[in-house]
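Enquirer: everything below, folded, please.
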Amino acid sequence: MGVQTIGIAAGIFTGISLLPQLIKLLKEKRSQDISIIMLVCLLIGLILWVIYGIKKEDWPIMTTNAFSLVVNCCVIGLNQYYKVRN
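Expert: Now for the predicted structure:
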């Protein structure tokens, strides 16, 4: 298995790691047990990874972390929405 393949697999698993949380938020419509600090730390890390990928011109790093960033932003948005709503 090549280094590029390992990087792509790592990015994919990182990207899908928040999907169960996103689905749970959408189903339960509540966000009491979610740590906003963890999500913000992850957000900052993902932004830095995307910037790193851009600087290195590494498409797998850019795309997988950009996808993770979108999912994370959705979780943060729903987290805040349901906290205000409930």
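Enquirer: tell me the contacts of residue 43?
Expert: The neighbours of residue 43, taking CB atoms under 8 Å, 6 or more residues apart in numbering as the test, are 69, 72-73, 76. All C-beta atoms are positioned from the backbone trio N, CA, C, and that covers glycine.
Enquirer: assign a three-state SS to it, would you?
Expert: With DSSP: H, G, I helix; E, B strand; the rest coil as the basis, the three-state label of residue 43 is helix.
Enquirer: what's the spacing between it and residue 36?
Expert: Using CB to CB, to the nearest Å, residue 43 is found at 10 Å from residue 36.
Enquirer: ditto for residue 25
Expert: Between residue 25 and residue 36 the computed distance is 13 Å (CB to CB).
Enquirer: between the two, which has more neighbouring residues?
Expert: More crowded of residue 25 and residue 36, by other CB atoms under 10 Å: residue 25, with 20 against 14.
Enquirer: in which helix or strand would I find that one?
Expert: Element membership of residue 25 [criterion: DSSP states H and E] is helix 19-28.
Enquirer: for that helix, packing partners?
Expert: Helix 19-28 makes packing contacts with helix 59-85 when contacts are defined by 3 or more CB pairs under 8 Å, 6 or more residues apart in numbering; DSSP states H and E.
Enquirer: residues of the helix it packs on that come out buried?
Expert: Neighbour-count burial for helix 59-85, with 16 or more other CB atoms under 10 Å as criterion, is recorded at 60-69, 71-72, 74-76, 78-79, 82.
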